[in-house]
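Visitor: curious how this folds, go ahead:
(2 chains, ligands or ions: 2)
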2 protein chains.
Amino acid sequence: MGQYDFIANAFSFGFAVMAAATLFLWFSRSQVAPAYKMAVTISGLVTAIAGYHYLQIMLSWDAAFSVTNGTIETTGYAFNQAYRYVDWLLTVPLLLVELILVMRLSRSETVSKSVTLGGAAALMIILGYPGEVAEGGATRFLFWVLSMIPFIYIVYQLVVGLKGSISKQPENVRGLINGAATLVVVSWLFYPIVFLFPLIGLTGGAAITAVEVGYTVADIVAKAVFGILILMIAMRKSEAEG
Amino acid sequence: MGQYDFIANAFSFGFAVMAAATLFLWFSRSQVAPAYKMAVTISGLVTAIAGYHYLQIMLSWDAAFSVTNGTIETTGYAFNQAYRYVDWLLTVPLLLVELILVMRLSRSETVSKSVTLGGAAALMIILGYPGEVAEGGATRFLFWVLSMIPFIYIVYQLVVGLKGSISKQPENVRGLINGAATLVVVSWLFYPIVFLFPLIGLTGGAAITAVEVGYTVADIVAKAVFGILILMIAMRKSEAEG
Ligand SMILES: CC1=C(/C=C/C(C)=C/C=C/C(C)=C/C=O)C(C)(C)CCC1
Ligand SMILES: CC1=C(/C=C/C(C)=C/C=C/C(C)=C/C=O)C(C)(C)CCC1
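Guide: Ligands and ions are numbered 1, 2, ... in the order given. A predicted model of the protein is given here:
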């Protein structure tokens, strides 16, 4: 019961943060130079999409259990894990696009990096889904391995590939952009680790609580905190470029 | 059960993409020159209309089946296919108008092409509907043939008729406009093919899944991806002419 409520509260918190971040980012859009408006628009879009999915997740959680006199029973409607994947399929590529846009590379570099990194991110999510819904541990592990390939590619690109472009950024934002890239790598690492929990025997109420609350915290860092970092970078660069 | 959920997730994904694309397009409207604002406004309108219909489709899907202890039963409310046709009747002509507007032809050409291409698109949808709801295969096929006439006319116009106008476009967008016209032809081809599935004996759960998920993917390409292409064309032309 405590766990059930705690998870419901975490989802509600997730929704509130995403909705608030969306409004904040879109209001602040008018305060950045035209070149950076698209990055800020997309930051707000990502949190908006996440807000919608937290609403769906809340409803699905509500529908999956019924509470009678303090005892909880499953209703037969399965809690729909897929909303997370649907959300990620959209938002994970967009998060990388945000970062690329705020760097203001040349047009061809912007397009090529968005396509390769965004495509790798989409592939990573698509390859993870069959593992998530699989019954057997072996299948789960197989798709984890497959999904790790694009994941490692993205991390490599962020850590090594973007270094060159980062060194060309104005000095007053270099630290922030480095911070944003690091935040992506660190917060994203959480997901493939949690994915393995059922394989190492973590199940039951405590494990579900850890997974759902953990994902929610990671989502807030990867989307809302990251979005605000992007906004700060955009504002500083707008100022510097006058 | 897996198929039921998968379709529900595809619809939710469709809704999220359409809503996100709408917001993105309308926010970006401020970044194009006045001559192109209408094209971008309409792009967002098309995805907004589609978002509304995906919501209706989701609710209809939900109402058509009930899940008890993991087994699915039809409730007696039929899943309402007509929402797709209502949506297409509005959005398919508007998609062609988007493409015409972003080309910035002379006013009389804009009007005449919008009326003929938009009219043909509306006719195509109207002729397809009696076939969709028909009981017999013969009726289905008859209306398919009738609907193919305006379809082929539109494809011909896009492939041959617009060529002249495209060659007059500024060089930096010619590739994108060609891409947009090709995207229309390729993504639209999907619909009349899927329409024939029941005639070649494809029915049952797997076929319904293929049809619904396939339509959803095609809709996303034909509306959201296409809308973003239109925005990119509008932004580049605004810059060049600015
Ligand atoms: C590598 C890997 C995965 C990676 C998921 C990631 C990296 C998700 C990131 C989500 C974010 C950033 C969400 C929004 O904020 C999966 C799919 C769990 C499957 C197992 C292997
Ligand atoms: C030719 C033909 C059809 C064509 C439909 C098309 C081309 C629909 C396009 C829809 C789009 C582009 C939707 C929005 O994105 C029908 C009506 C299935 C009936 C059978 C014959």
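Visitor: which ones are touching the closest residue in space to A:Ala35 that isn't next to it in sequence?
Guide: Excluding the flanking residues, the one nearest A:Ala35 by C-beta to C-beta, 6 or more residues apart in numbering or on different chains is A:Arg104, at 5.8 Å. In short, each C-beta sits where N, CA and C put it, glycine included. Going by C-beta atoms under 8 Å, 6 or more residues apart in numbering or on different chains, A:Arg104 touches A:Ala35, A:Tyr36, A:Lys237.
Visitor: spit out the contact partners of the residue of chain A positioned farthest from its centre.
Guide: Distance to the chain centre peaks in chain A at A:Asn69, reaching 37.0 Å (criterion: C-alpha atoms, centre = their mean). Applying C-beta under 8 Å, 6+ apart, we find A:Asn69 in contact with no residue.
Visitor: now whichever strand or helix holds A:Leu59: buried residues?
Guide: Per DSSP states H and E: A:Leu59 is located in helix A:34-64. By 16 or more other C-beta atoms under 10 Å in any protein chain shown, the buried positions in helix A:34-64 come out as A:36-58, A:60-61, A:64.
Visitor: average model confidence for it?
Guide: For helix A:34-64, mean pLDDT rounds to 91.
Visitor: how far does it sit from the chain's center?
Guide: The chain centre lies 10 Å from the centre of helix A:34-64; the measure is C-alpha atoms, centre = their mean, to the nearest Å.
Visitor: that one near ligand 1 anywhere?
Guide: No. Helix A:34-64 does not reach ligand 1 (C-beta under 6 Å from any ligand atom); its nearest approach is 6.8 Å.
Visitor: avg pLDDT for stretch A:90-98?
Guide: So the average pLDDT for stretch A:90-98 ends up being 94.
Visitor: now swap in stretch A:153-163 and tell me
Guide: 86.
Visitor: so the residue lying closest to A:Ala207 once chain neighbours are set aside: helix, strand or coil?
Guide: Distances taken as C-beta to C-beta, 6+ apart place A:Phe197 nearest to A:Ala207, at 5.9 Å, with adjacent residues excluded. For A:Phe197, the assignment made with DSSP: H, G, I helix; E, B strand; the rest coil gives helix.
Visitor: from what I can see A:Phe197 touches A:Thr209, true?
Guide: No. With contact defined as C-beta atoms under 8 Å, A:Phe197 does not reach A:Thr209; the gap is 11.5 Å.
Visitor: what average pLDDT does the helix or strand where A:Leu117 lies get?
Guide: In the assignment (DSSP H and E), A:Leu117 maps to helix A:107-133. Helix A:107-133 shows a mean pLDDT of 92 in the predicted model.
Visitor: tell me which residues in it are buried?
Guide: A:110, A:113-114, A:117-118, A:120-129, A:131-132.
Visitor: stretch A:179-197 now?
Guide: Using 16+ other C-beta under 10 Å as the test for burial, stretch A:179-197 gives A:Ala180, A:Ala181, A:Leu183, A:Val184, A:Ser187, A:Trp188, A:Phe190, A:Tyr191, A:Val194, A:Phe195.
Visitor: contact partners of it?
Guide: Here stretch A:179-197 makes contact (C-beta under 8 Å, 6+ apart) with A:95-96, A:99, A:102, A:128, A:131-132, A:140-141, A:144, A:147-148, A:151, A:154-155, A:158-159, A:162, A:166, A:207, A:210-211, A:214-215, A:218, A:221-222, A:225-226, A:229-230, A:233.
Visitor: all the strands of chain A, in order from the start?
Guide: A:65-68, A:71-74 (DSSP state E).
Visitor: A:Gly14: which of those is closest?
Guide: Nearest of the strands of chain A to A:Gly14, taken as C-beta to C-beta: strand A:65-68 at 18.1 Å.
Visitor: so what are the sheet partners of that closest one and their directions?
Guide: Here strand A:65-68 is paired, per DSSP bridges, with strand A:71-74 (antiparallel).
Visitor: export the partner strand to CSV, keeping only CA atoms.
Guide: These are the backbone C-alpha positions of strand A:71-74, laid out as CSV (Å, rounded to 0.1, in the frame of the first residue of the first chain):
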residue,chain,number,x,y,z
THR,A,71,-5.9,-3.9,0.4
ILE,A,72,-4.6,-3.6,-3.2
GLU,A,73,-5.6,-6.0,-6.0
THR,A,74,-4.7,-6.0,-9.6
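Visitor: model confidence over that strand, on average?
Guide: Rounded mean pLDDT across strand A:71-74 is 74.
Visitor: so how far is that strand off the chain centroid?
Guide: Worked out by C-alpha atoms, centre = their mean, strand A:71-74 lies 31 Å from the chain centre.
Visitor: which other residues reach it?
Guide: So strand A:71-74 is contacted by A:Met1, A:Tyr4, A:Ala64, A:Phe65, A:Ser66 (C-beta under 8 Å, 6+ apart).
Visitor: go through that strand and flag the buried ones.
Guide: For strand A:71-74, burial by neighbour count (16+ other C-beta under 10 Å) applies to no residue.
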